[in-house]
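Trainee: Sequence first, then the predicted structure, then my questions.
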Amino acid sequence: MKQTLKIASTLTPDGNELALYRHDRDFSIKVNGEDLMQSRRHESELELARLGCAHLVGHDAPEILVGGLGMGYTLRQALDMLGPDAGVVVSELMDAVVQWNRDFLGELNGHPLMDKRVELITGDILDLISSSTGRFDAILLDIDNGPEALTDSGNNRLYGIEGIKACRRALREDGCLAVWSAGPSDEFEKILMRCSFNVRRFPVQSHKCSKSRSCLVWVASTSGQTIHRITRSLRPVQTMQA
């Protein structure tokens, strides 16, 4: 029987242990021993990109921001959906997570960080978003566990009113904000609507959640037409308008 091995670890800004484990061909990342993500269950990471980039298929040169590298699945799916002239900025807070992708996790999904369309930026994603007025056609956020932070309490700034206002300013006309979450949040939905977003919420198959919790992706845009294009062939759980 093959053992589960801890192959790397680091500390989060909050001082928690973030560790990478391997069991045979499978990887997992844990915070203080609690599962954050697993390579065997990554469907929701793919769905985040599918929802957030659906309105951009066929566009000549869209600009995308992927917030949170994780195991690279959202990045891989976005790259597969977009054309050769697309630009994809990846923002990752933890240098160690970037290195783990390069050393170990890239084999899972074709080494997306090596794609020429990708620009990698490490550091606080809110600083990047706040300095990017009208830059992105889509912002895909899979930071921590969503609006309720697990690894870094500082991520709460991103999901608060000022952070979402910054996301709105960073989007181009008809742009889309897609946010992954480990569970529902009425408070966060209200924040999205207070920022003049049209919002739809979708259930997604889990890679981070226990069976007793429902993962979801919020899709938000100031353009109702963008929301319609994204959801035309899908069935939302709930539609909300600002």
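Mentor: That came in fine, so what should we check first?
Trainee: what's the single longest strand in this structure?
Mentor: Among the segments of the chain that qualify as a strand by DSSP state E, the longest is strand 171-181.
Trainee: Now find how far off-centre the following helix or strand past that strand is within its chain.
Mentor: Per DSSP states H and E, strand 171-181 leads on to helix 186-194 as the next helix or strand towards the C-terminus. Relative to the centre of its chain, helix 186-194 is centred 18 Å away, using CA atoms, centre = their mean, to the nearest Å.
Trainee: Show me what helix 186-194 is packed against.
Mentor: helix 161-170, strand 171-181, strand 198-204, strand 215-221, strand 238-240 (3 or more CB pairs under 8 Å, 6 or more residues apart in numbering; DSSP states H and E). Quick note: C-beta positions are derived from backbone N, CA and C, even for glycine.
Trainee: could I get these as CSV with distance to residue 130, mean pLDDT and mean neighbour count?
Mentor: Shown next, in CSV, are the helices and strands packed on helix 186-194 (distance: least, CB to CB, whole Å; pLDDT from 0 to 100; neighbours: other CB atoms under 10 Å):
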stretch, distance to residue 130, mean pLDDT, mean neighbour count
helix 161-170, 5, 97, 19
strand 171-181, 13, 96, 23
strand 198-204, 22, 93, 21
strand 215-221, 18, 95, 25
strand 238-240, 25, 43, 13
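Trainee: Out of these, which gets nearest to residue 44?
Mentor: With CB to CB, the closest approach to residue 44 among the helices and strands packed on helix 186-194 belongs to strand 198-204: 4.1 Å.
Trainee: List the pairing partners of that closest one within its sheet, with orientation.
Mentor: strand 215-221 (antiparallel), strand 238-240 (antiparallel) (DSSP bridges).
Trainee: I'd like a version of those strands in TSV, one that adds distance to residue 199 as further columns.
Mentor: Formatted as TSV, the strands paired with strand 198-204 follow (distance: least, CB to CB, whole Å):
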stretch	distance to residue 199
strand 215-221	5
strand 238-240	4
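Trainee: for these, which one sits closest to residue 164?
Mentor: strand 215-221 (8.3 Å).
Trainee: tell me the contacts of the spatially most central residue of the chain?
Mentor: Taking CA atoms, centre = their mean, the centroid of the chain lies closest to residue 142, which sits 2.6 Å from it. Residues in contact with residue 142 (CB atoms under 8 Å, 6 or more residues apart in numbering) are 45, 48, 66, 67, 68, 70, 74, 180.
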